[in-house]
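Chemist: Make a model of this:
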Amino acid sequence: MDDEARAFLMELLEVPSPSGYELDGQRRWREYVEPYADELHTDEYGNTVAVYEGDGPAVAVAGHADEIGYIVRRIDDDGFVHLGRIGGADRTVSRGQHVQIHGSDGPVNGVIGQTAIHLREKDDETYDDIAEQHVDIGVEDGEAARELVEVGDPVTVATTVGELQEDRVAGRGLDNRVGTWVAAETFRRAAEADVEATVYAVSTVQEEVGLKGARMVGEELAPDAVIAVDVTHATDYPGAPSDKAADVELGGGPVVGRGSANHPVVVDAVRSAAETADVDIQLSAAGIRTGTDADAFYTQAGGTPALNLGLPNRYMHTPVEVVDLTDLDDAATLMCQTVAEAPDVAPFGLEL
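Modeler: Numbering: from 1, shown residues only. Alright, predicted model coming up:
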């Protein structure tokens, strides 16, 4: 990963982007792809598409821009802020976290309160629902709180990205700014390589609340094939439930989904590109659904050949998600090779 691409990734990971409030992150993503784009489109909800015009088939590489978080549900008369969920926020990791409430006048710091261990019942290890948790912003009463925040303001954990050993990083919201990074970086490399295919880089909104952005953009986009890049569960840590996910390792390479939305011709095309580019890949099974934007894209425009490409991620939907930057770089290399070879593969439909 070169310095420019790495700097862009780190900037992208720092920008709060909860579902429904993705604007700042989308602006930064758009800035990165704009110099390489023949066209740029952003719709009314913020889905953003960069277009590289080639003479060959159109292939879209997409990631979703939004992250999970919280929302201000009410403010009580004592000045405590009560929360709702944005997406699949995990109630077991929220207590005791520093957070930021993103108000109209800028971020407001707070903490999600936790009763001290000394004061809890000895055998009580239950976890309150998010709706029962509160943010303390340090004010004396509700009037003071309402001057700073209001109902509907988004809230994110204040944890930012930190670098670990062996080219690994940890932070909140890697799900799925790392996928939008792969889409943008694939686009940059494909444009610089002057590939024959038309390439769409797509950054969707509101995936975490029901694949909404992909549903908005998929029908009009109607590419010949679409690859949705999203995180997938790495299960190479102590206590990982091996019966609920594939055997996926951090640093083992991007993960090619098979089954359900994953079109066999696109699967074969990506596996062939991996051999050509000398990129290690892993496999995962999706018997019913992928749980990603691929599930929305492949049912659009009368059926669009699709694939879910996974990026191994430990501790998903926590403030300390962990990815290996080598997997991200390899995914961009693999996607660039895939779009370069697309003219030799298209059309992507099944032959009966």
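Chemist: Residue 70 in helix, strand or coil?
Modeler: strand (DSSP: H, G, I helix; E, B strand; the rest coil).
Chemist: Could you do residue 117 as well?
Modeler: Reduced to three states with three-state DSSP, the structure at residue 117 is coil.
Chemist: gap between it and residue 325?
Modeler: With distances defined as Cβ to Cβ, to the nearest Å, the gap from residue 117 to residue 325 amounts to 37 Å. (Glycine included, C-beta is placed from N, CA and C.)
Chemist: neighbour-wise, which of the two wins?
Modeler: Taking other Cβ atoms under 10 Å, residue 117 and residue 325 do not tie; residue 325 has more neighbours (19 against 7).
Chemist: these two touch, right, the more buried one and residue 164?
Modeler: No. Proximity of residue 325 to residue 164 does not meet the contact threshold set by Cβ atoms under 8 Å, at 10.2 Å.
Chemist: For the stretch 251-352 of the chain, just list every one of the strands.
Modeler: With DSSP state E, counting those that start in this stretch applied, the stretch 251-352 of the chain shows strands at 255-258, 282-285, 306-313, 321-324, listed in chain order.
Chemist: Looking at these, which is nearest to residue 109?
Modeler: Closest approach to residue 109 among the strands of the stretch 251-352 of the chain (Cβ to Cβ): strand 321-324, 21.9 Å.
Chemist: list the contacts for residue 193?
Modeler: 336, 340 (Cβ atoms under 8 Å, 6 or more residues apart in numbering).
Chemist: And it, how close does it get to residue 339?
Modeler: The separation that residue 193 has from residue 339, given Cβ to Cβ, amounts to 9 Å.
Chemist: what about the stretch 101-250 of the chain, any weak spots by pLDDT?
Modeler: Counting by pLDDT under 70, the stretch 101-250 of the chain shows no low-confidence range.
Chemist: switch to 90 and redo it
Modeler: For the stretch 101-250 of the chain, applying pLDDT under 90 flags the ranges 115-128, 159-160, 239-246.
Chemist: so where do the strands sit in it?
Modeler: Taking DSSP E, counting those that start in this stretch as the criterion, the stretch 101-250 of the chain contains strands spanning 106-112, 134-136, 154-157, 162-163, 168-171, 198-204, 225-233.
Chemist: Same list (the ones you listed) but as JSON lines, adding mean neighbour count and distance to residue 45.
Modeler: As requested, these are arranged in JSON lines below (neighbours: other Cβ atoms under 10 Å; distance: least, Cβ to Cβ, whole Å):
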{"stretch": "strand 106-112", "mean neighbour count": "17", "distance to residue 45": "23"}
{"stretch": "strand 134-136", "mean neighbour count": "21", "distance to residue 45": "27"}
{"stretch": "strand 154-157", "mean neighbour count": "25", "distance to residue 45": "15"}
{"stretch": "strand 162-163", "mean neighbour count": "11", "distance to residue 45": "31"}
{"stretch": "strand 168-171", "mean neighbour count": "19", "distance to residue 45": "25"}
{"stretch": "strand 198-204", "mean neighbour count": "29", "distance to residue 45": "9"}
{"stretch": "strand 225-233", "mean neighbour count": "28", "distance to residue 45": "18"}
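Chemist: want to throw the ones you listed into a markdown table with distance to residue 189?
Modeler: Conversion of the strands of the stretch 101-250 of the chain to a markdown table gives the following (distance: least, Cβ to Cβ, whole Å):
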| stretch | distance to residue 189 |
| --- | --- |
| strand 106-112 | 34 |
| strand 134-136 | 42 |
| strand 154-157 | 30 |
| strand 162-163 | 24 |
| strand 168-171 | 21 |
| strand 198-204 | 10 |
| strand 225-233 | 14 |
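Chemist: Ok, which of the ones you listed comes nearest residue 76?
Modeler: Evaluated over the strands of the stretch 101-250 of the chain, closeness to residue 76 peaks at strand 134-136, with 8.0 Å, by Cβ to Cβ.
Chemist: Tell me the strands beside that closest one, with direction?
Modeler: The sheet places strand 134-136 alongside strand 81-86 (antiparallel), strand 106-112 (antiparallel), with pairing taken from DSSP bridges.
Chemist: Ok, which of the strands of the stretch 251-352 of the chain comes nearest residue 244?
Modeler: That would be strand 282-285 among the strands of the stretch 251-352 of the chain, by Cβ to Cβ, at 11.9 Å.
Chemist: so can I have a markdown table of the strands paired with strand 134-136 showing distance to residue 71?
Modeler: Output for the strands paired with strand 134-136, formatted as a markdown table (distance: least, Cβ to Cβ, whole Å):
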| stretch | distance to residue 71 |
| --- | --- |
| strand 81-86 | 5 |
| strand 106-112 | 13 |
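Chemist: Do a quick rundown of the helices in the stretch 1-150 of the chain.
Modeler: In the stretch 1-150 of the chain, the segments counted as helices under DSSP state H, counting those that start in this stretch are 3-14, 23-33, 142-146.
Chemist: Tell me which of the ones you listed sits nearest to residue 220.
Modeler: Comparison of the helices of the stretch 1-150 of the chain against residue 220 by Cβ to Cβ identifies helix 23-33 as nearest, at 17.6 Å.
Chemist: So what's the gap between the closest one and the chain middle?
Modeler: Between the centre of helix 23-33 and the centre of its host chain there is 14 Å, according to Cα atoms, centre = their mean, to the nearest Å.
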